[in-house]
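Engineer: Okay, sequence plus prediction incoming.
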Amino acid sequence: GDSVTQMEGPVTLSEEAFLTINCTYTATGYPSLFWYVQYPGEGLQLLLKATKADDKGSNKGFEATYRKETTSFHLEKGSVQVSDSAVYFCALSDRRQGAQKLVFGQGTRLTINP
Amino acid sequence: ETGVTQSPTHLIKTRGQQVTLRCSSQSGHNTVSWYQQALGQGPQFIFQYYREEENGRGNFPPRFSGLQFPNYSSELNVNALELDDSALYLCASSLTSAYSYEQYFGPGTRLTVT
């Protein structure tokens, strides 16, 4: 079945550092790809999405490009802030498989130190 | 625009008991999905409801059941609770159409089974 593999965490960076969180996927169809963020004690918030190959999703300084040839959707940010500390989940959705369910990676905990 | 809401926020139950969790979907959305998030893991898809019918199910036993009401709100019922059912239960609403892809999550219900 479909699956998502994320970079092992936790990740600790200093403020203003460059961030990359790796995500690769396995899918039989043509999935849409997402990054969700979860702040402590809260539910998931959609951070960005891409629905077809070579699309770039972006939001709040974060970016990710849908790379079909490498089945990847790596999350990047040029200069992180303390407020970016959270758990980040990569996910895919393939609506051709009946219900439009999301398949999540295991999450990567990010901590930014001032 | 009202977001996705869930109740209760926290719940403590004893093994063998039954529990009902509730979700109100975002205005304009017609589909509700439920996910289970164990501590330190990514969310796992339980099932999805569209137009008051189950529209897909993950790898969960029949003691996990649900309902969707005409106003698109939803309930998740779990019978014969087990210790491993302790988790954060997330509800997500979406609009099922050819051009929508996002699911929007509520804050979750934290269930503890003792």
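Structural biologist: Thanks, I have the structure now.

Engineer: show me where pLDDT drops low in chain A?
Structural biologist: A:95-99 (pLDDT under 70).

Engineer: ok, 50 please
Structural biologist: Along chain A, no part satisfies pLDDT under 50.

Engineer: Show me the strands in it, by range?
Structural biologist: All strands of chain A, identified by DSSP state E, fall at A:3-6, A:11-14, A:19-21, A:23-26, A:32-38, A:44-50, A:56-59, A:62-65, A:75-77, A:86-93, A:102-104, A:108-113.

Engineer: Any chance of CSV for those strands, columns mean neighbour count?
Structural biologist: For glycine as for every other residue, the C-beta is placed from the backbone atoms N, C-alpha and C. Below are these laid out as CSV (neighbours: other Cβ atoms under 10 Å in any protein chain shown):
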stretch, mean neighbour count
strand A:3-6, 18
strand A:11-14, 14
strand A:19-21, 17
strand A:23-26, 18
strand A:32-38, 24
strand A:44-50, 20
strand A:56-59, 15
strand A:62-65, 20
strand A:75-77, 19
strand A:86-93, 24
strand A:102-104, 25
strand A:108-113, 16
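
Engineer: And the ones you listed: which comes nearest B:Gln26?
Structural biologist: In terms of Cβ to Cβ, the element of the strands of chain A nearest to B:Gln26 is strand A:44-50, at 11.9 Å.

Engineer: So what are the sheet partners of the closest one and their directions?
Structural biologist: Note on strand A:44-50: by DSSP bridges, its sheet partners are strand A:32-38 (antiparallel).

Engineer: Dump the strand it pairs with to CSV, restricted to CA.
Structural biologist: Presented in CSV, the C-alpha positions along strand A:32-38 are these (Å, rounded to 0.1, in the frame of the first residue of the first chain):
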residue,chain,number,x,y,z
SER,A,32,-1.4,14.8,-3.8
LEU,A,33,1.3,15.7,-1.3
PHE,A,34,1.1,17.7,1.9
TRP,A,35,3.0,19.0,4.9
TYR,A,36,1.1,19.4,8.1
VAL,A,37,2.4,21.0,11.3
GLN,A,38,1.4,20.1,14.9
